[in-house]
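A.B. asks: Kindly generate the corresponding structure for this input.
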Amino acid sequence: MVPGSAIGRPGSILWFGHATLRTVARIGTQGGDVEKKTEGRAPKSGSGGGSPVYPLGFVGALVWNWQQATTPRDRALAVLTSVVWPAFLVYAAFRALEGAAARD
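C.D. replies: Below is the predicted model:
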């Protein structure tokens with residue numbers, strides 16, 4: 001128990017302050033060794049690159065929104081809107097699905 005603190009006192013919220021740490025499994029035993037579990041699997045390729053679809057969509061949305069903008073404020077909003085356009089697309093799709101479900 002730490003002198004002058006509530007850590008470790010019975011009934012204290014911080015009862016775990018001096019709890020002993022236990023390991024679930026030691027390294028090299030069944031269940032604890034990640035390398036052993038992945039042994040025999042084919043190595044995967046690198047971390048994977050991004051798809052060119054989003055950047056192309058960003059550029060297309062930026063061009064479209066920039067052409068519609070007339071003031072500097074509109075142009076700033078055009079850039080921000082171009083970054084988050086997939087969120088608007090998904091929102092509109094869910095709204096359309098909601099309306100279709102209400103008609104059924």
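
A.B. asks: Could you check the helix ranked longest in the chain and say which residues are buried?
C.D. replies: Determined from DSSP state H, the single longest helix within the chain is helix 85-103. For helix 85-103, a neighbour-count test (16 or more other CB atoms under 10 Å) marks W85 as buried. (C-beta placed from N, C-alpha, C; glycine too.)

A.B. asks: what's it packed up against?
C.D. replies: helix 53-68 (3 or more CB pairs under 8 Å, 6 or more residues apart in numbering; DSSP states H and E).

A.B. asks: what residues does the helix it packs on touch?
C.D. replies: 74-75, 77-79, 81-83, 85-86 (CB atoms under 8 Å, 6 or more residues apart in numbering).

A.B. asks: mind listing which of those residues are in helices?
C.D. replies: Reading helices off the contacts of helix 53-68 with DSSP H, I get 74-75, 77-79, 81-83, 85-86.

A.B. asks: gap between P72 and V84?
C.D. replies: 20 Å (CB to CB, to the nearest Å).

A.B. asks: Could you check which of those two has the larger neighbour count?
C.D. replies: It is V84, of P72 and V84, that has more neighbours when counted by other CB atoms under 10 Å, with 11 against 8.
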